[in-house]
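Undergrad: quick one: sequence and predicted model below, then my questions.
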Amino acid sequence: MNVRRRPISGIAVAAVTALGLGTLSACSSDSAEASGDGGGKLDVVASFYPMQYLAEQIGGDHVSVTSLTEPGQEPHDLELSTKQTAELGEADAVLYLKSLQPAVDEAVDQSEVKTKIDAASLTELEDHGDVEHDHGDEGGEAHSEESGEESGLDPHIWLDPVKYAEVAEGVAKALEKADPDHAADYEKNAEALAVKLDGLDTAFENGLKDTDTKVFFTNHAAFGYLAERYGLTQEAITGLDPDSEPSPARIKELQEEAKADGVTTVFYETLVSDKTAKTLAKDAGLKTDVLDPLEGITEQSKGEDYIEVMQSNLEALKTALGAK
Ligand code: ZN
């Protein structure tokens, strides 16, 4: 029934759009029983994986979710195709995180989608500015299209299970409003997700309570909220944007800090080249490991979904920090 909406592959989507109402009404009259309300599922477009996961977990059987960012695609610098922009315009709801992907922000602003859910408005964003000092140029460039004002705010809220849970709650409310017929189910699904996120928070809290060091090195500054939540210090090789290159001065600074703070490991991530991390690690005699910012799930991900990859992240942090 819902096969038509599944893949984001442009041609298929365009064909469906062109065929338009004929196909849709034929389909829904055949299968009105199955969907219950005769209107089919709520079409939700999510901007990238952490938003997709929320929509799927909370929406359950009542939503059909597509993601604008393909698995394996680095989300920060996403460009939207004309077809994706058109598809976004046709959606019942869009779930995105303002200030992470300027192209998405713009497309959402210009679309007339009835339910626009901005995850950034559902929790509080903070400025973790100091991680960016060496990379002000790159950061400014990445965000300048939309608004220079907000460029200091760290968008990586999903890596803190507590903030992510706040967003989840807001998403549930928005879906309930958009599709009141299934409000009870959205609420129930959101509660189940809240339990999982709460368990994750407890595991991080306990697992990272007593460690040899509190400092960890990452590729880009994705883990600011996580670090703050669990009393750790993140040192990012690059800034908030994973594609920027660190200066030789920054590398030297990090190597000195590794010595001073007993850092054992340089973390890299699955969607970005690990070259810089490996160079830094080698010169300073450190190990490398994956700490996944969960900006997408691929075959290389250490887990099938958000919860599993976060559990892998916890294990990696425990090892690197010397958890007792
Ligand atoms: Zn990021």
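TA: Happy to help now that I have it.
Undergrad: low-confidence ranges, the stretch 151-300 of the chain, go.
TA: Low-confidence segments of the stretch 151-300 of the chain, defined by pLDDT under 70, span residues 151, 239-240, 242-243.
Undergrad: show me where it has its strands.
TA: Ranges of strands within the stretch 151-300 of the chain are 153-154, 215-218, 233-236, 265-268, 287-290, based on DSSP state E, counting those that start in this stretch.
Undergrad: residues in contact with the fourth one?
TA: When contacts are taken as CB atoms under 8 Å, 6 or more residues apart in numbering, the neighbours of strand 265-268 outside the stretch itself are 216-219, 237, 274, 277-278, 280-281, 284, 286-291, 316, 319-320. C-betas here are computed from N, CA, C, even on glycine.
Undergrad: quick check: closest non-adjacent residue to the spatially most central residue of the chain.
TA: By CA atoms, centre = their mean, the mean C-alpha position of the chain lies nearest to Pro50, the distance being 3.6 Å. The shortest distance from Pro50 to any non-neighbouring residue, by CB to CB, 6 or more residues apart in numbering, is to Trp158 (3.8 Å).
Undergrad: of the contacts of strand 265-268, just the buried ones, ChimeraX syntax please.
TA: Here is the ChimeraX command that picks out the buried ones among those, judged by 16 or more other CB atoms under 10 Å:
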select :216,217,218,219,237,274,277,280,281,284,286,288,289,290,291,316,320
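Undergrad: how is the chain partitioned into domains?
TA: 3-124+156-200, 207-321 (automatic domain parsing).
Undergrad: before we move on, the earlier item: so what's the residue nearest to Pro50 up against?
TA: Under the criterion of CB under 8 Å, 6+ apart, the neighbours of Trp158 are Pro50, Leu97, Ala119, Tyr164, Val167, Leu294, Tyr306.
Undergrad: how about those in CSV, adding distance to Thr270?
TA: What follows is the contacts of Trp158, written out as CSV (distance: CB to CB, whole Å):
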residue, distance to Thr270
Pro50, 14
Leu97, 19
Ala119, 22
Tyr164, 19
Val167, 23
Leu294, 9
Tyr306, 14
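Undergrad: from the residues you listed, which would you call buried?
TA: With neighbours counted by 16+ other CB under 10 Å, the contacts of Trp158 contain buried members at Pro50, Leu97, Ala119, Tyr164, Val167, Leu294, Tyr306.
Undergrad: any idea how far Glu191 is from Ala174?
TA: As for Ala174, its distance to Glu191 is 16 Å (criterion: CB to CB, to the nearest Å).
Undergrad: name the helix or strand for the residue nearest to the centre of the chain, please.
TA: Assessed by DSSP states H and E, Pro50 sits inside helix 49-59.
Undergrad: elements contacting that helix?
TA: Using 3 or more CB pairs under 8 Å, 6 or more residues apart in numbering; DSSP states H and E as the contact definition, the elements that helix 49-59 packs against are strand 42-46, strand 63-67, strand 93-96, helix 161-178, helix 183-207, helix 306-321.
Undergrad: contacts for it, please.
TA: So helix 49-59 is contacted by 42, 44, 46, 63, 65, 67, 69, 71, 75, 95-97, 119, 158, 164, 167-168, 171-172, 175, 186, 189-190, 192-193, 294-297, 305-306 (CB under 8 Å, 6+ apart).
Undergrad: nearest to Ser312, out of the strands of the stretch 151-300 of the chain?
TA: For Ser312, the closest of those is strand 287-290, at 7.7 Å, according to CB to CB.
Undergrad: just the C-alpha atoms of that closest one, please, in CSV.
TA: Coordinates of each C-alpha in strand 287-290 appear next as CSV, following Å, rounded to 0.1, in the frame of the first residue of the first chain:
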residue,chain,number,x,y,z
LYS,A,287,45.0,4.9,19.9
THR,A,288,42.1,5.6,17.5
ASP,A,289,38.5,4.4,17.8
VAL,A,290,35.0,5.3,16.5
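Undergrad: how about the contacts made by the nearest residue to Asp198 once chain neighbours are set aside?
TA: In this structure, Asp198 finds its nearest non-sequential neighbour in Ala165, 6.9 Å apart by CB to CB, 6+ apart. For Ala165, the residues meeting the contact criterion (CB under 8 Å, 6+ apart) are Leu193, Ala194, Leu197, Asp198, Asp201.
Undergrad: mind giving me the ChimeraX select for these, buried ones only?
TA: Here the buried members of the contacts of Ala165 are turned into a ChimeraX selection, burial being counted by 16+ other CB under 10 Å:
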select :193,194,197,201
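Undergrad: in TSV, list the contacts of Ala165 along with distance to Thr233.
TA: Below are these laid out as TSV (distance: CB to CB, whole Å):
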residue	distance to Thr233
Leu193	29
Ala194	28
Leu197	23
Asp198	25
Asp201	19
